[in-house]
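A.B. asks: Quick one, fold the following:
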Amino acid sequence: VQLQASGGGLVQAGDSLKLSCAASGRTFFGYVMGWFRQAPGKEREFVARIDFSGQTTSYADSVKGRFTISRDNAKNMGYLQMNSLKPDDTAVYYCALGQVFRFYARDYDYWGQGTLVTVSS
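C.D. replies: Just a heads-up that it's a prediction; the model follows:
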């Protein structure tokens, strides 16, 4: 499976962005999708995950209530709607696919190249 993340950019604190993740190569359905991020000098961290059907989601505490993960299996697309962005959200954001509904990066098998989100204060 190949993943292509897009939608990042430079925004101001309080703004919104919607990231997209396009999957190709194999069927999207059947995989858990996760979003992770990595800020400069920090380890990659879990942001959100969604099960294969789109019915179950979970979020890191730092983004809960501000970010929404979703997917469209018919289009092989995943999304991360980010509202009320903060400077601490600045990072490279990665989408990933895995076979288990967990939040450890090591549990995900396929990764996109990342898209940079920069939030200015």
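
A.B. asks: Need the contact partners of the helix or strand containing Tyr79.
C.D. replies: Element membership for Tyr79, per DSSP states H and E: strand 77-82. Contacts of strand 77-82 from elsewhere in the structure, counted by CB atoms under 8 Å, 6 or more residues apart in numbering, are 16-23, 28, 33, 35, 47-48, 50, 63, 66-72, 89, 93, 95, 117. (Each C-beta comes from the backbone N, C-alpha and C, glycine too.)

A.B. asks: change it to 6 Å
C.D. replies: Strand 77-82 is contacted from outside by 17-22, 33, 35, 67-71, 95, using CB atoms under 6 Å, 6 or more residues apart in numbering.

A.B. asks: ok, which stretches of this protein are strands?
C.D. replies: Applying DSSP state E to the chain gives strands spanning 2-6, 9-12, 17-24, 32-38, 45-50, 57-59, 67-72, 77-82, 91-98, 108-111, 115-120.

A.B. asks: Find the nearest non-adjacent residue to the most centrally placed residue in the chain, please.
C.D. replies: Nearest to the geometric centre of the chain sits Trp35, at 2.5 Å (CA atoms, centre = their mean). Spatially, and ignoring its direct neighbours in sequence, Trp35 is nearest to Val47 (4.3 Å; CB to CB, 6 or more residues apart in numbering).

A.B. asks: Quick check: the gap between the one you found and Asp61.
C.D. replies: 11 Å (CB to CB, to the nearest Å).

A.B. asks: Neighbours of the residue nearest to Trp35, how many?
C.D. replies: Applying other CB atoms under 10 Å, we find 24 residues neighbouring Val47.
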